[in-house]
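In: Return atomic coordinates for the entry below.
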Amino acid sequence: MQLPIPKLEDTLSKYKVWLKPLLNEKDYENSVNIINNFQNNIGIKLQELLQKQKDIYSNTSWLSSAWFNSYLDGRLTPIIESNFSSNVNFEDPISINSVNRFILALSEVCRKYRIGEFEKVYDARGNEICLSQFQILRGASRVPYKKRDKYNISTNNSNYITCFYKNNLYKIQVIDDNDSLLNIEGIINDIIKNTEYKDYSLSTISFASSDRAFEIRDSYYDYNTFFDVVENSLFNISIFDEELSTIEDKFKFYHYLKAKNTWVYKPLNFIYNKKEEEFYINVEHSFQDGGTILEIIKRAVSLMKENIVSTNASKSHCVYIDEYFDDDYKNIVSEIEKDYFEKISNFEFRKIDLELHNESLESFSKDAIMQFVLQYAQKKAFNEVRGMYEAVDMRDYQYGRTECVRSVSCESVDFINSLINNDSDSYSKLKVAEVEHKNRIKACKVANGVNRHLLGLYLMVLKLSAEDKAIALEFFNDIGYKKISENFLSTTSLGYNNYMNYLLFTPVMDKGFGVNYNYAPEGIVFVISYYKSEADKANKFFEALRECVDKLKVLK
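Out: Model prediction:
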């Protein structure tokens, strides 16, 4: 099913409603006038251009290319701009033998996709999901390039994985020429047993800014198979020996790593910490979203439980990948590390565990409650509620990617203000706010949101004459469009599941917060990233989260 383009008047009508709580009365009135003028004039032409774009991209979607390129245009290292990481649960603790079984199971998932036996995927409503994002199972990697990075989906029937240990890279064949799983038993153990630490590795390149990474890759590409090997592998396993004392230390390590011993451009990049017996994934997600990663891991773990075994008793081939670089490379590594460590020193993670047991709230949307708790905390810590981003899956449309719900509504603001003031009608206002939140989610699920349509119209501005472009930019330069596009709190959740609990990512806006939340039977878990310079505000925010939940416990 092709991703539709909403009617212009429908999107702009929602835009006015969604925008209202984000502006003062004067700015809102001015923005409404600009919106009305846009709808009756240049917006019509942009809508026609977008419709033509939809017809051109009939095999994908009008959104996918622009959405994809918005990631590839990023010039910082992907680890800061586009990567997310998460713990992966399948056993506790996770041993080397567990890792071997996971590798075999995930290799089988890749094999099934390769030979056309990959089962269909359905969302919670029973709609079939577009399988385009699962192309990463062929072997994939973002590739640094000047101005805009490229993306590589392996076209050479990739049949191997890669493994980093102590800054060394190994290539391990997992599928034979007859599409049978090979025996990999003992290979990871042998790598761990026989590998000595190496001071320098080409893997550090992936932590550089994209332009710099391209320059270095280009300089050393002709002398190394390293790049083609890691970029085309089905997936990568990086093994570390790190002792980590606190949960926040773990989050920071597994997300930012140490500028070595892994390739952060991979969409399937697993991190095994032998010392802590923990397993994480660090995902470059320009090509795919969190729901796709979760489905892949669920399938691998399911095969593990079925005790998947190799179908070819022959031993897999494990090849050490030589790396060639000159003495100048040592200076390059120092330069990359200095710049990277300086950048990541600006960020912190905090995990907040809260209990919320209230029978009066059992029938309410857990997602809506979480969004309202975050709005409450934002209002208390910052004296205002700014733009919040919540991703909504649209993968049941062809190359649909995600829509963005703006959860701040007049109704939600009315509710949190009543809760802050301890008003007696807070419960009834919660009901009204929940209805509005659900309606916004439903609209986004059927591609009738606001932000993606406005993005598509904005991209069409480039096709206008100079005179028309100036008229159109009055709309897109308006404070209203800036406010509706603001991601002061960038929030996401994979829902309660048994496989991935903590979704970690860097804030997407200066001085903003990155928020993952889960509403589990044992309570609420927030994992929040923030700028270290905002520590005082962050502490107020965390206290306000607790305060709001305490009030919700007795709300009825």
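
In: going forward, measure contacts between C-alpha atoms and count neighbours the same way
Out: Noted.

In: if you go through the stretch 451-556 of the chain in chain order, where are the helices?
Out: 451-460, 466-476, 479-484, 535-553 (DSSP state H, counting those that start in this stretch).

In: Could you export those as CSV, including mean neighbour count?
Out: What follows is the helices of the stretch 451-556 of the chain, written out as CSV (neighbours: other Cα atoms under 10 Å):
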stretch, mean neighbour count
helix 451-460, 19
helix 466-476, 16
helix 479-484, 18
helix 535-553, 17
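
In: could the ones you listed go into JSON lines alongside distance to residue 493 and mean pLDDT?
Out: JSON lines is the format used below for the helices of the stretch 451-556 of the chain (distance: least, Cα to Cα, whole Å; pLDDT from 0 to 100):
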{"stretch": "helix 451-460", "distance to residue 493": "19", "mean pLDDT": "96"}
{"stretch": "helix 466-476", "distance to residue 493": "29", "mean pLDDT": "97"}
{"stretch": "helix 479-484", "distance to residue 493": "21", "mean pLDDT": "98"}
{"stretch": "helix 535-553", "distance to residue 493": "17", "mean pLDDT": "97"}
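
In: Turn those helices into TSV, columns for distance to residue 185.
Out: Listed next are those as TSV, based on distance: least, Cα to Cα, whole Å:
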stretch	distance to residue 185
helix 451-460	47
helix 466-476	58
helix 479-484	53
helix 535-553	46
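
In: out of these, nearest to residue 344?
Out: Residue 344 sits nearest to helix 535-553 of all the helices of the stretch 451-556 of the chain, at 15.0 Å, using Cα to Cα.

In: how about the CA coordinates for the closest one, as PDB?
Out: Written as PDB, here are the backbone C-alpha positions of helix 535-553 (Å, rounded to 0.1, in the frame of the first residue of the first chain):
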ATOM      1  CA  ALA A 535      22.600  19.300  34.800                       C
ATOM      2  CA  ASP A 536      20.700  21.600  37.200                       C
ATOM      3  CA  LYS A 537      17.700  21.800  34.900                       C
ATOM      4  CA  ALA A 538      17.900  18.000  34.400                       C
ATOM      5  CA  ASN A 539      17.800  17.400  38.200                       C
ATOM      6  CA  LYS A 540      14.700  19.500  38.500                       C
ATOM      7  CA  PHE A 541      13.200  17.600  35.600                       C
ATOM      8  CA  PHE A 542      13.900  14.300  37.300                       C
ATOM      9  CA  GLU A 543      12.400  15.400  40.600                       C
ATOM     10  CA  ALA A 544       9.300  16.700  38.700                       C
ATOM     11  CA  LEU A 545       8.900  13.200  37.100                       C
ATOM     12  CA  ARG A 546       8.800  11.700  40.600                       C
ATOM     13  CA  GLU A 547       6.400  14.400  41.800                       C
ATOM     14  CA  CYS A 548       4.000  13.800  38.900                       C
ATOM     15  CA  VAL A 549       4.000  10.100  39.400                       C
ATOM     16  CA  ASP A 550       3.300  10.500  43.100                       C
ATOM     17  CA  LYS A 551       0.300  12.600  42.300                       C
ATOM     18  CA  LEU A 552      -0.900  10.100  39.700                       C
ATOM     19  CA  LYS A 553      -0.800   7.300  42.300                       C
END
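
In: packing partners for it?
Out: Applying 3 or more Cα pairs under 8 Å, 6 or more residues apart in numbering; DSSP states H and E, we find helix 535-553 packed against strand 347-354, helix 366-382.

In: got a list of contacts for stretch 471-489?
Out: 18-19, 22-23, 27-28, 31, 34-35, 38, 42-43, 386-389, 406, 451, 458, 461, 507-509, 511-515 (Cα atoms under 8 Å, 6 or more residues apart in numbering).

In: at 6 Å instead, please
Out: Residues outside stretch 471-489 that contact it (Cα atoms under 6 Å, 6 or more residues apart in numbering) are 31, 387-389, 512-514.

In: hang on, the earlier thing: pick the most buried one from the helices and strands packed on helix 535-553.
Out: A comparison of those by mean neighbour count, using mean count of other Cα atoms under 10 Å, puts helix 366-382 on top with a mean of 22.

In: Which SSE is immediately downstream of it?
Out: strand 388-393 (DSSP states H and E).
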